[in-house]
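Q: Fold the following.
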Amino acid sequence: MNLNNLFATLDSQIPIIGLEVLSPEEATIIQWLTTQALIKLDSPVYFFNLGVSSLEQCLIADDGGLVFKPVNEYKRPLPADPLLYIFEYINSFDGVGVFILGDVHPFIGNNSPQLSWEILTRVKNLYHRLKPTEKRIIFLGQNIQLHESLVRLIPFAEVPLPTIEQIQEHLYSYLLYLSESATQQDVPFRVVLTTEEKESLARAALGLTLEEISDFLRLTIKERLSSDGITIDATVTPLVVEYKTRLLSQMGIELGKPATIPFGGLDLLREWLQRRRRLFTTEARSLHLPQPKGVLLAGPPGTGKSHSAKNIANILNLPLLQLDISSMLGSLVGESEGNVRRALKTAEAIAPCVLWLDEIEKALSGSGDTSGVSQRILGNILTFMSECTSGVFVVATCNDPSALPSELKRKGRFDEMFFVDLPSEPERVQILRIHLQRFGITVEDEYLEAIAANTAKFSGAELETLAAEAALLAFDEGRPQQVSLGDLEAIRSSITPLAVTDAAAVERMREWAKTARAASSAIASTTKSLKTARFRNLN
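A: The predicted structure follows:
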């Protein structure tokens, strides 16, 4: 069910619907429902939840705000269960009314520990008995998962996060409201924003609800109040990004910082990305060109997959969101899936963007999961990837592809699966040079080539450690930024790479790589020549 035809649904003798909304927007949505019910159904609106434990009529005040007025006729006997009583009250209510029941869904939720069969039965009975009446019920809340016996009875809709156009409209109207309030208090209020700066501010607020944007603006004017009044200018934009970062981090979403260090090698991956960067432009969308869905980067630990994910956002010129699925796993039934769905919806609102799922196999392998949470989360992600058309480019990184569900690895799920192997010798030279330059150190090419020749099984992370430790060694010996070949060789000999200590795991990874695409032409050509040599030896 679409939110736009919610009241058409209620008016067509479908007496009960579910409406999912993020908690900050509940009051705003109740206000909208109250207004629309009066206009489209000529019906009063009532609100109930266990926190109120009573019944209140929703009214629109003269200033356009929402007012809750207790219904004096609603007098629940003390021994009566409040949920059973509200359903009985609605059943016997004589008149017209839309009843918003907040946070009741856990008691009729699928696999919920709070599931009540008595309440579930009451809801099913009400569905059939309210059809010929003018009484309607809206279940309102967050993470709604209805019991399977209700899924085909009760239509369901979600309140989407606001678009950039809606945010721009809200910023205009709310800043005007704040300006009028400041004028009434004789406080100078200035909005110094160009059209481009207003759009940048709105884009920075993508992923927030309108109520969260209002909260941010009120907080900002309190902090900016001075003897000269209040000024809203372009400096507010980075502040809203900080505010959004704090809120999203509580949901397990991190706004990634752009990579400041380029990745060395991986030319095939880089070339593949460069060919697709223009597909995220307005021009490409106007031509209805297919949006790239994403890539899976798999390889041994330390080969630069995470660093590559950050660089992918730079190459595509898109904001980066990191989704930590493990931190979203809640203890309540349905909580984990709800958290993931909410995070995916946030990514869709911020799109076009890069959504990075780090070490995805840890959350989706299903190892030790007897409740089916991993499978349901996987279903949410797969549905999102197949249906999302707003430009969310998923970058999934993985250390052990054998642990991934087969549904995620099948052809067509990602645009491409890349194998990020240990760097080749020329790539090791690049990586060492990049990391030494971070410390302001320049080393002759022949020295780097000599070390690269002796680090055949080093990963990118181990080469980074080598460069950093060599810089520290030179500094300790009173030779800052003067790293010698001896320093590099001394540190090299002290590091035992993972490819040596866990060689079997690396070989298993390379076996899987036969089904994937090489991220580096150097690795691809080396692999080919090794196979050829091995074949000749057999003859």
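Q: Nearest to the middle of this structure, which residue? Look it up for me.
A: Ala343 (3.5 Å; Cα atoms, centre = their mean).
Q: what's the strand or helix carrying that residue packed up against?
A: Following DSSP states H and E, one finds Ala343 within helix 335-350. Secondary-structure packing of helix 335-350 (3 or more Cβ pairs under 8 Å, 6 or more residues apart in numbering; DSSP states H and E): strand 253-256, strand 320-323, strand 353-357, helix 373-387, strand 392-398. Where you see a C-beta, it was placed from the backbone N, CA and C, and this is true even at glycine.
Q: wouldn't the residue nearest to the centre of the chain be in contact with Ser336 here?
A: No. Taking contacts as Cβ atoms under 8 Å, Ala343 lies outside contact range of Ser336: 10.9 Å.
Q: which residues touch the closest residue to Thr442 other than its chain neighbours?
A: Spatial nearest neighbour of Thr442, chain neighbours left out: Leu436 (7.3 Å); criterion: Cβ to Cβ, 6 or more residues apart in numbering. Neighbour list for Leu436: 442-443, 467, 470-471, 483 [criterion: Cβ atoms under 8 Å, 6 or more residues apart in numbering].
Q: buried stuff in stretch 149-167?
A: Within stretch 149-167, the residues scored as buried using 16 or more other Cβ atoms under 10 Å are 150, 154-155, 157-159, 161-162, 167.
Q: Can you tell me which of those is closest to Thr282?
A: Nearest to Thr282 among the buried residues of stretch 149-167 is Ile167, at 18.0 Å by Cβ to Cβ.
Q: shouldn't Phe263 be in contact with Asn311?
A: Yes. Between Phe263 and Asn311 there is a contact under Cβ under 8 Å: 5.1 Å.
Q: Compare the two (neighbour count), which wins?
A: Per other Cβ atoms under 10 Å, whichever of Phe263 and Asn311 has more neighbours is Phe263, with 25 against 22.
Q: Ala403: how many residues sit nearby?
A: So Ala403, with other Cβ under 10 Å, has 14 neighbours.
Q: how about the nearest residue to Val21, chain neighbours excluded?
A: Val159 (4.3 Å).
Q: what residues are up against the one you found?
A: By Cβ under 8 Å, 6+ apart, the neighbours of Val159 are 3, 19-22, 25, 29.
Q: quick one: it from Arg341, how far?
A: Counting by Cβ to Cβ, to the nearest Å, the gap from Val159 to Arg341 is 13 Å.
Q: Next up, identify which helix or strand Glu242 is on.
A: Going by DSSP H and E, Glu242 is part of helix 236-249.
Q: any weak-confidence spans in the protein?
A: 258, 327-335, 365-372, 522-539 (pLDDT under 70).
Q: Domain-wise, how is it divided?
A: Here the domain parsing of the chain from automatic domain parsing is 3-158, 164-250, 256-419, 425-500.
Q: So which of those domains is nearest Arg517?
A: Across the domains of the chain, Arg517 has its closest neighbour in domain 256-419 (5.4 Å, Cβ to Cβ).
Q: can you give me the end-to-end distance of the closest one?
A: 23 Å (Cα to Cα, to the nearest Å).
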